[in-house]
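A.B. asks: Give me a model of this one.
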Amino acid sequence: ISKYDRFKQMPRFLPCYSRLKVNILGIETSCDETAVAVVSDGYYLRSNVVASSMDLHRKYGGVVPEIAARSHIEAITPCLEEALSQAKLDWGDIDAIAVNYGAGLSGSLLIGVLTARTLAIVFNKPLYATNHIHSHIYANFITKTDLPGYRLVKSAPEFPFLALMVSGKHTQLVLFNNHFDYQVLGRTTDDAVGEAYDKVAKMLGLPYPGGPSVEKLALNGDPGSVLLPKTRMSGYDFSYSGLKTALLRAAQKMIGESYDYPSVKLPARLTDKQKANLAASFQQAAIGALVEHTKRAYDEFSPKAVVIAGGVAASQPLREQLSKTLGISLDYPDIKLCSDNAAMAASLGYYYATNNQALADPYTLDVEPSLSM
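C.D. replies: Model prediction:
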């Protein structure tokens, strides 16, 4: 029979099958983490395996796409085997596969998507194409696990809720009325906040990734020592390019150099105290913009909950300032579920499956590196 006819004959998702729990296997390879996880019923984390190639990229100060793609090829099969073993399941127990097919690096995404397509065909499983940005938010829906070392949210957010998505490539504020009815209130017009952290870290001679490095150094600095501008954008949009440039000019001025002094030479000229003050001042301005926008949206739309998602959601200063400014008790996912992982894809995949959304043809599904919400 033709590929199309075979796809039409593949099982569609049935809410219960023959088991009490619905097990979704998720795959995530959008950047430098190779991740596979199994989540039951959208909330119960059965396994979460992540193999990172970050150490290979550290000496370059950022992710090298070719190195990331080769690392995914090496790691994807061991991650699959470990995820099933950790979950104490085999392929007969898996009801569907969810894979993040965008946004991300095309070569990296391709490894995950081709793997998911092959598995869906070989094991005759429904395949769901999940949005990487959207799936990050679903770390906040994972509430139970028997795996050691996880601190999960106590309960999934109630609709409508406000989601602040902050990572190396994405910064946006989204209002969710339900799983598939959402409104993007604002997004970055240039650099994402995580990207700005990485570039500032490089200016200060700090290791990649920039977020944890800048946050650690900022503890020794004075956030009021360097006056940095607040970016004023229309609506709820964000901008971090100007803040990054303002910090560069401040650093050049500190050492008595003009605007054309190369940023790569700054670390050798700046003192430890100057670096700490610059880090603290940048962090205050960067987080201040996130908190200010979220507060305005919270006051305007009166959501029942506020969640943050993405790698920058691991920032302790962001968590503390957001809770203090909003004046409400906020619950946050485990830091291991803030960075790229497959559990978030599996959780979102469950809601796709049970709502008949995003069923993909395993013979034709392609990557979309520039996918947006």
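A.B. asks: Now do the same contact list for the residue minimising distance to the centre of the chain.
C.D. replies: The chain has residue 310 as the residue nearest its centroid, 3.2 Å off, counting by Cα atoms, centre = their mean. Applying Cβ atoms under 8 Å, 6 or more residues apart in numbering, we find residue 310 in contact with 136, 165-167, 170, 194, 338. In short, each C-beta sits where N, CA and C put it, glycine included.
A.B. asks: give me the beta-bridge partners of residue 50?
C.D. replies: Beta-bridge pairing of residue 50 under DSSP bridges involves residue 35.
A.B. asks: that older thread, present the contacts of residue 310 as a markdown table; the columns should include pLDDT.
C.D. replies: Shown next, in a markdown table, are those (pLDDT from 0 to 100):
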| residue | pLDDT |
| --- | --- |
| 136 | 96 |
| 165 | 96 |
| 166 | 95 |
| 167 | 91 |
| 170 | 90 |
| 194 | 93 |
| 338 | 94 |
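A.B. asks: what's the closest of those to residue 268?
C.D. replies: Taking Cβ to Cβ as the measure, residue 268 sits nearest to residue 194 out of these, at 25.7 Å.
A.B. asks: now residue 67: how far from residue 149?
C.D. replies: Using Cβ to Cβ, to the nearest Å, residue 67 is found at 29 Å from residue 149.
A.B. asks: the more surrounded of these two?
C.D. replies: Each of residue 67 and residue 149 has its neighbours counted (other Cβ atoms under 10 Å); residue 67 has more, 15 against 7.
A.B. asks: For whichever strand or helix holds that one, enumerate the helices and strands it packs against.
C.D. replies: Secondary structure from DSSP states H and E places residue 67 in helix 65-87. With contacts taken as 3 or more Cβ pairs under 8 Å, 6 or more residues apart in numbering; DSSP states H and E, helix 65-87 sits against strand 23-28, strand 33-40, strand 44-52, helix 54-58, helix 106-122.
A.B. asks: Among the contacts of residue 310, which are located in helices?
C.D. replies: 136, 194 (DSSP state H).
A.B. asks: between the contacts of residue 310, which has the most around it?
C.D. replies: Result: residue 136 is most packed of these (other Cβ under 10 Å), 31 neighbours.
A.B. asks: what's near enough to touch that one?
C.D. replies: Counting by Cβ under 8 Å, 6+ apart, residue 136 has contacts 165, 167, 309-310, 344.
A.B. asks: CSV for the residues you listed, including distance to residue 320?
C.D. replies: Listed next are the contacts of residue 136 as CSV, based on distance: Cβ to Cβ, whole Å:
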residue, distance to residue 320
165, 19
167, 19
309, 17
310, 17
344, 23
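A.B. asks: Closest one of those to residue 370?
C.D. replies: Out of those, the member with the shortest distance to residue 370 (by Cβ to Cβ) is residue 167, at 15.1 Å.
A.B. asks: tell me the phi and psi of that closest one?
C.D. replies: phi -150, psi -170 (degrees, to the nearest 10).
A.B. asks: Before we move on, what's the pLDDT of the closest residue to it other than its chain neighbours?
C.D. replies: Among residues not flanking residue 167 along the chain, residue 310 sits closest, at 3.4 Å (Cβ to Cβ, 6 or more residues apart in numbering). Reported pLDDT at residue 310 in the predicted model: 94.
A.B. asks: This completes my enquiry, with thanks.
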